[in-house]
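Q: Based on what follows, work out the 3D shape:
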Amino acid sequence: MTPSAAFAMQPDLLPELFPPDLRHRLSRVARVREGVLHSFDLVPSLDVEILITGWGCPAIDEGVLARTPGLRAVVHAAGSVKGHVTPAVFERGIAVSSAAEANAQPVAEFTMAMLVLAAKQVFVRARAYSADGWSGDALPGVATPGAGGGLNGAVVGVIGASRVGRLVMERLRDQGARVLLSDPYVGPAEAEGLGAEAVGLDELCRRAELVTVHAPALPETRGLLDGRRLALLRDGAVVVNTARGSIVDTDALVRHCAGGRIAAVLDVTDPEPLPPGHPLLALPNVLVTPHLSGARGRELRRLGEFAVTEVERLARGGPLRGAVRPADLDRIA
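A: Here you go, the predicted structure:
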């Protein structure tokens with residue numbers, strides 16, 4: 001029997017995540033409810049087996065579950081499910097899937113672009129060019145990473161072997177970089193299989209020319225890169241953060257970047273957004289972007305395709321590729 005499904009997300013996201021051809025493909029395996037749910041309070045009862053969720057989906061709590069007795073799966077067309085999937089969903093045995101795998105691709109691409117540019121001091125040199133004119137020489141007061149820049153032969157520290165972290169490591173190997181990995185769940189043998197050397201976080205900070213952050217935001221990762229560890233970084237090191245702002249101690253980062261000893265590229269910050277006039281926004285060796293690395297615009301289709309494929313798997317009784325289990329919640333973003 002064809003399962004019933006409904007969309008629950010910000011309504012304006014629907015056409016970007018699910019353009020007409022994907023909606024048509026979805027209609028071949030599921031009976032999709034018209035419209036988009038953006039508040040479960042407006043629906044006293046909902047006869048639906050699959051909720052296809054996205055950013056802006058309200059929390060699926062016990063009250064919602066009481067009004068959706070037939071619900072058997074939540075398919076999320078985005079990354080983290082922590083904002084809307086409550087423990088009650090897992091307790092009722094409802095399957096949960098996330099398109100985090102698809103969202104990891106643009107984040108990894110963005111990260112690599114930033115690492116390539118950071119290794120050549122593009123951001124600080126571009127600002128200096130604009131202010132003081134052309135100069136191919138070393139910039140006064142700013143340390144230079146490596147011998148001439150570039151990723152080939154550079155020592156790059158990766159914090160966290162997440163989906164994004166693994167994609168970044170794969171691309172770094174292709175660029176000829178030497179990769180250090182710090183992840184408490186990955187041992188030396190597995191790290192070697194990923195083309196990296198497993199090291200402790202302090203050692204990573206001492207040795208790396210570029211550090212890229214891919215750990216989840218958890219109580220134990222808050223302030224993971226604190227003042228002490230930032231002080232371990234070599235002169236000219238660059239910190240790239242496309243994960244979560246809370247992993248880097250903001251005040252400590254300001255202190256260490258202000259003197260020009262290290263630099264940073266931040267797509268995420270703590271707080272987010274930064275208030276107007278924040279020092280990080282003015283430092284010449286810090287680039288702050290407004291959380292751009294995840295899927296946006298045309299990239300959103302990837303997430304919709306992943307979700308539709310998951311519904312197709314559900315319809316034929318197959319396993320979910322993006323399955324999220326309760327035990328995963330303590331290790332994922």
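Q: Mind checking the pLDDT average for stretch 162-174?
A: Averaged across stretch 162-174, pLDDT comes to 97.
Q: Sketch out the strands for this protein, chain order is fine.
A: Under the criterion DSSP state E, strands of the chain are mapped to 4-8, 31-37, 50-53, 73-76, 95-98, 155-159, 178-182, 196-198, 210-213, 238-241, 263-266, 286-288.
Q: Mind putting these into a markdown table with mean neighbour count, distance to Ala104 and mean pLDDT?
A: No exception for glycine: its C-beta is placed from N, CA and C like everyone else's. Shown next, in a markdown table, are these (neighbours: other Cβ atoms under 10 Å; distance: least, Cβ to Cβ, whole Å; pLDDT from 0 to 100):
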| stretch | mean neighbour count | distance to Ala104 | mean pLDDT |
| --- | --- | --- | --- |
| strand 4-8 | 22 | 23 | 97 |
| strand 31-37 | 15 | 25 | 95 |
| strand 50-53 | 29 | 18 | 98 |
| strand 73-76 | 25 | 14 | 98 |
| strand 95-98 | 24 | 11 | 98 |
| strand 155-159 | 26 | 14 | 98 |
| strand 178-182 | 23 | 16 | 98 |
| strand 196-198 | 21 | 17 | 98 |
| strand 210-213 | 28 | 14 | 98 |
| strand 238-241 | 27 | 16 | 98 |
| strand 263-266 | 25 | 18 | 97 |
| strand 286-288 | 21 | 22 | 96 |
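Q: which residues sit in contact with the residue nearest the centre of the chain?
A: The C-alpha lying nearest the average C-alpha coordinate of the chain belongs to Ala243 (Cα atoms, centre = their mean; 4.8 Å). Counting by Cβ atoms under 8 Å, 6 or more residues apart in numbering, Ala243 makes contact with Gly160, Ser162, Val164, Val213, His214, Ala215, Pro216, Ala217, Val268, Ala333.
Q: hang on, the earlier thing: how about the strands of the chain in JSON lines, adding distance to Gly149?
A: Converted to JSON lines, the strands of the chain look like this (distance: least, Cβ to Cβ, whole Å):
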{"stretch": "strand 4-8", "distance to Gly149": "47"}
{"stretch": "strand 31-37", "distance to Gly149": "47"}
{"stretch": "strand 50-53", "distance to Gly149": "43"}
{"stretch": "strand 73-76", "distance to Gly149": "40"}
{"stretch": "strand 95-98", "distance to Gly149": "37"}
{"stretch": "strand 155-159", "distance to Gly149": "13"}
{"stretch": "strand 178-182", "distance to Gly149": "15"}
{"stretch": "strand 196-198", "distance to Gly149": "22"}
{"stretch": "strand 210-213", "distance to Gly149": "10"}
{"stretch": "strand 238-241", "distance to Gly149": "10"}
{"stretch": "strand 263-266", "distance to Gly149": "12"}
{"stretch": "strand 286-288", "distance to Gly149": "16"}
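Q: Which of these sits closest to Arg325?
A: strand 95-98 (7.9 Å; Cβ to Cβ).
Q: for the closest one, packing partners?
A: Other helices and strands packing on strand 95-98, by 3 or more Cβ pairs under 8 Å, 6 or more residues apart in numbering; DSSP states H and E, are strand 73-76, helix 300-315.
Q: Please repeat the previous calculation with a cut-off of 6 Å.
A: On a contact count with 3 or more Cβ pairs under 6 Å, 6 or more residues apart in numbering; DSSP states H and E, strand 95-98 meets strand 73-76.
Q: quick revisit: next one: the residue nearest to the centre of the chain from Val168, what distance?
A: Distance, Ala243 to Val168, by Cβ to Cβ, to the nearest Å: 11 Å.
Q: ok, now Ser98?
A: Per Cβ to Cβ, Ser98 is found 19 Å from Val168.
Q: residues in contact with the closest residue to the residue nearest to the centre of the chain other than its chain neighbours?
A: Nearest non-adjacent residue to Ala243, counting by Cβ to Cβ, 6 or more residues apart in numbering: Val213, 4.7 Å away. Residues in contact with Val213 (Cβ atoms under 6 Å, 6 or more residues apart in numbering) are Ile159, Asn241, Ala243, Ile247.
Q: just those now: which is nearest Ala323?
A: Checking the contacts of Val213 against Ala323 with Cβ to Cβ, the nearest one is Ala243 at 22.1 Å.
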